[in-house]
Each structure stands twice: as C-alpha cells, then as structure tokens.
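Asks: Below: sequence and its predicted model.
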Amino acid sequence: MATASAIVKPPASGRPNLLGLDRAGMEAFFVDMGEQRFRASQLIKWIHQQGVIDFDAMSNVSKALRERLRQHACVTPLEIVFDEISRDGTRKWVLELADGNQIETVYIPETDRGTLCVSSQVGCALDCSFCSTGRRGFNRNLSSAEIISQVWIASQLLREEKKPGRTITNVVMMGMGEPLLNFDNMVTAVRIMMDDFAYGLSKRRVTVSTAGVVPAMDRLGDVLDSRLAVSLHATNDELRNELVPINKKYPLKELIAACHRFSEKQSARTRITFEYVMLDGVNDSPQQAHTLVRLLKGLPVMMNLIPFNPFAGSGYTTSSSERIEAFAKIIIAADMTTVVRRTRGDDIDAACGQLVGKVADKSRRARRFAEPRFGMTS
Ligand code: SAH
C-alpha cells in the first residue's frame, strides 16, 4: 500500500489529480469517462479512508478501468520536506508544492480532540500587521488537491504513529492564507473533509477562519454549514484598519452585520469564534474589553484570546498574563464564552501567525524584515 512515506513529486503530465475532487467532481469525472457514477465513492474511499494512491492496489476496480485511470488521472499528494513532533505532541509538516513553494500544516492534540490547522494559500495578501505570513507577501492560491493533501498526509502519518487518540477530529482553516479569498478550492476541500466516504468530519468540527471578507462570508453561509471564525483583533475601525487592513474595505459595522447574517443561515445556531490577538498596550485595555462586549451583543459568540506570538521585526509584544486575565474577566462577566489559548509547539516553530513556509517573495515590504519564525497556537 502506498502511503505518505512513499511520496514522489507529481508528474508534470497535466492529468487531473483525483485527490482534489469532491463527490460531485469525482462523479462528473467518471461520467465524462463513460463510467458509472458509483465509481466515485469507491475511489474516494480508497484514497481518503484507506490512504491508497496506487490504482493497481484498488482491488474492487476492474483491471481495465485501473489501466484507464492510470492513463487519464493521477493521485498525487504533496511532498514532505519537514516533519517534526514537538515536546507537547504538536506535530508540524512543511510540504512542498510542485512549483517549489512550501506550505505548513500543524496537528494540535488536546485531551478531548486533535485539531489539524490547514493552509489555504501560499502566503497571504491581507498584510495584517502582527502576522508573519502576511509579511512574506502573497504567492498563489492552493488547489483543492493541495489543500486536502494536507489532511491526507496528516491522517496517514498519525495512523502510522499507532498511538491511541492521535487522530484528526477537527480541522481549522487557520494556517497560511485567507481561505475566503480562495473560495471555490477551499469549499471543495472542506466538502471532502465532511464526506462520510472520506474523512467524515461533522459540520461542527470544521472551522473556516476569515479576517473579514464580507461578501465571501455571505457566500459561505449559502454553500457550507461549517463553523466560522472571525479574526477581530480590534473594537474600533481606526485600530482595526491598522491591524487588519482589509477593514478599510469592510469596516466593523459591515463585518458584524455579516456575522449576524451568517449565524441566522446556519441550521443550528452554532457559535461564531472570534479571534483576538493580545497585543500589549495596543488592544488589551479594560475599556476595549467593554467595547468588545457591546460590539458582539446578540451574537452567539466564542471568544478566543490569543497571546501574540512574537517574531523578529514585528514591533509588537505579548500582553502580560495579568492583562489578559483582566481582559478575559470583563468579557466572561458579560456571559461570553471565552478561551485563552495556550501557545503550542513553539519549540518546533509551530504557533499561530508564525507560519511562513517558503514563499517566492513578491512583496517589497518583506525585504525590510528579518526572517520570521513560524508556529501555531491552540
Ligand atoms: N486569514 C485567516 C486565516 C488565518 S488564521 C484569518 O485571518 O482568520 C490565523 C489566526 O492567527 C488569525 O486569527 C490571525 O489573526 C492569528 N495570528 C496571526 N498572527 C499572529 C501572531 N503573531 N500571534 C498570534 N496570532 C496570530
């Protein structure tokens, strides 16, 4: 059985990579070939449940069809260039794309779940001032195959660990990039994550995170029943324009209105996660906590306070734990469910907003800064 350990670079053949097809896409592929629709579920199970990428090992597929598949398609995951497990069990992969760009994926184990943090783009165009991914500029969108390949590789390799509890129970689209600016490929990949013939994750266990691309939030609510996370980080437009520049295009009032619309569309009113990075002396005052409570009033909210993960040249420092605690106290007193995230995997450079991969450098600004570290917070 071919597994993630035996991956080769994708052929430059232009054959479709079946890894990135959701059920509808796979059915269309087989119908186009003059084959029957049910082949789609067979292939999806082989690839995503069994981890099989060699057509010849797909024993319930006829020899003739296997030969046709070899000619007309491929199943090619990304290449693993770095794979390390942190002291706290966090595991990080750096994966190389066919064009030489690199992206990162992080597995974060907790007592009751295992969360995979998945990238959607090479770099990011949004240029949030406290995020090292943005500092490195934007290169390109990931294909659906490149997005789901991260889940494929992680689930194969976690299975190979043969340790109880090391499975993917949740996925957060919180790696490199802005998932809502790679809408179609991201939605296709999330559909594969949620397909019972693939990873079978329930809609409550897949979270799409956005810095606030308002029109795409509306589209997301129309096509997907996933959970939503919003990177808020500030409670007034002046500060948010500085921290999350897309706020100039979609200011807070529009963002919060979009959150209300999203929440109303959902079949069950699941909470929207609001991420708030704690920057010392910038957005962490008690007064800002009170404003936050007013801003989110009436929404089903889960607040995530993220201690800032510093990187060279960022110009910010992390709020002290006393200041984070005082901030949290105010919003908890207003009945807001609140989690203060712990930094995870920092010994292997795996914390939030520090994922940089290796981006072919397109931003002028990036050259002014020293090489950032990368990492992930849970
Ligand atoms: N573009 C999407 C997905 C990225 S998610 C979004 O903005 O939501 C990554 C999360 O980590 C975001 O909430 C982001 O704001 C946060 N983050 C970025 N840099 C960080 C840093 N240096 N320390 C802590 N959190 C950071």
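Replies: Thanks, I have it.
Asks: where exactly do the helices run in the stretch 251-378 of the chain?
Replies: Counting by DSSP state H, counting those that start in this stretch, the segments of the stretch 251-378 of the chain that form helices are 252-265, 286-295, 321-333.
Asks: Output those in JSON lines; the columns should cover mean pLDDT and distance to Ile108.
Replies: Quick note: C-beta positions are derived from backbone N, CA and C, even for glycine. Conversion of these to JSON lines gives the following (pLDDT from 0 to 100; distance: least, CB to CB, whole Å):
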{"stretch": "helix 252-265", "mean pLDDT": "96", "distance to Ile108": "25"}
{"stretch": "helix 286-295", "mean pLDDT": "98", "distance to Ile108": "25"}
{"stretch": "helix 321-333", "mean pLDDT": "97", "distance to Ile108": "20"}
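Asks: Make TSV from the ones you listed and add distance to the ligand and mean neighbour count to it.
Replies: Shown next, in TSV, are the helices of the stretch 251-378 of the chain (distance: least, CB to the nearest ligand atom, whole Å; neighbours: other CB atoms under 10 Å):
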stretch	distance to the ligand	mean neighbour count
helix 252-265	12	16
helix 286-295	15	16
helix 321-333	12	15
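Asks: As JSON lines, those with distance to Asp184 would be great.
Replies: Converted to JSON lines, those look like this (distance: least, CB to CB, whole Å):
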{"stretch": "helix 252-265", "distance to Asp184": "18"}
{"stretch": "helix 286-295", "distance to Asp184": "31"}
{"stretch": "helix 321-333", "distance to Asp184": "36"}
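Asks: Which of those helices sits closest to Met303?
Replies: Of all the helices of the stretch 251-378 of the chain, the one in closest proximity to Met303, counting by CB to CB, is helix 321-333 (5.8 Å).
Asks: Now do that closest one: everything it contacts.
Replies: Residues lying outside helix 321-333 but in contact with it, judged by CB atoms under 8 Å, 6 or more residues apart in numbering, are 278, 280, 284-286, 288-290, 292-293, 303, 305, 307, 319, 338, 340.
Asks: and the stretch 201-350 of the chain, which of its residues are near the ligand?
Replies: For the stretch 201-350 of the chain, the residues in contact with the ligand (CB under 6 Å from any ligand atom) are Ser209, Thr210, Ala211, Ser231, Glu275, Val277, Ile306, Phe308, Asn309.
Asks: 5 Å - rerun?
Replies: Remark: the part of the stretch 201-350 of the chain in contact with the ligand comprises Ser209, Ala211, Ser231, Glu275, Val277, Ile306, Phe308, Asn309, using CB under 5 Å from any ligand atom.
Asks: The second one reaches Ser231, doesn't it?
Replies: Think Ala211. Yes - taking CB atoms under 8 Å as the definition, Ala211 is a contact partner of Ser231 at 4.8 Å.
Asks: who touches both of those two?
Replies: Between them, Ala211 and Ser231 share the neighbouring residues Cys128, Val244, with contact defined by CB under 8 Å, 6+ apart.
Asks: Neighbour count for the two, which is higher?
Replies: More neighbours sit around Ala211 than around the other of Ala211 and Ser231, counting by other CB atoms under 10 Å; the figures are 27 against 24.
Asks: any idea of the pLDDT on that one?
Replies: According to the per-residue confidence, Ala211 scores 98 in pLDDT.
Asks: Parallel or antiparallel, which strands does the one helix or strand Val172 maps to pair with?
Replies: Assignment of secondary structure by DSSP states H and E places Val172 within strand 170-173. Each strand pairing with strand 170-173, determined using DSSP bridges, is listed with its direction: strand 114-117 (parallel), strand 206-210 (parallel).
Asks: Nothing else from me, thank you.
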